[in-house]
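Colleague: build me a structure from this.
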Amino acid sequence: MGFVDDERGTRILVGPDGFTTQVLELDLRSGGTLHYLMTASAPEMVEFMKKAGMPLTTKCRVTYTDVIVHKRLAYSSVADFVPGVEPYDVTTVVEFHVNGESVRMNLNFDPMHNEEWTQRAVMGHEIQLGKLERILVDARK
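Modeller: Modelled structure (predicted):
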């Protein structure tokens, strides 16, 4: 996933590599929501989505359940994109621990419906964190 700027100039982290993202709504507060469209754009992702029987564009909705600046971000999203699987909620909690000039971040999320999809989610979060790290390093230059 990578940062995208919405119409207000707010930077958010959405969309894995090979996808484009269009933010429809962002209300970053407890009880607020993030709505976005994620579309496979890279040829290999288009091929993967077609082979998996998944739509090329997915409408995503996140509901923020806890937003404490510099401390905690918790949200729930609906996993409604897996063919043959009933939609279900996935809760994610990100906690930030400041120590001087460094910050340790813990990210925990509910397991998906099976191990294969849980591992896909882990890989997605790892990609997001890698992109975040590069953005932060570039910002310090």
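Colleague: tell me the phi and psi of the residue lying farthest from the centre of the chain?
Modeller: Most distant from the centre of the chain: Gly100, at 27.4 Å, with distances by C-alpha atoms, centre = their mean. Main-chain dihedrals, Gly100, degrees, to the nearest 10: phi 70, psi -120.
Colleague: contact partners for it?
Modeller: Neighbour list for Gly100: empty [criterion: C-beta atoms under 8 Å, 6 or more residues apart in numbering]. C-beta: built from backbone N, CA, C; applies to glycine.
Colleague: surely Asp17 and Ile127 touch.
Modeller: Yes - with contact defined as C-beta atoms under 8 Å, Asp17 counts as touching Ile127 (6.1 Å).
Colleague: contact partners of stretch 46-54?
Modeller: Ala40, Pro55, Leu56, Phe81, Val82, Pro83.
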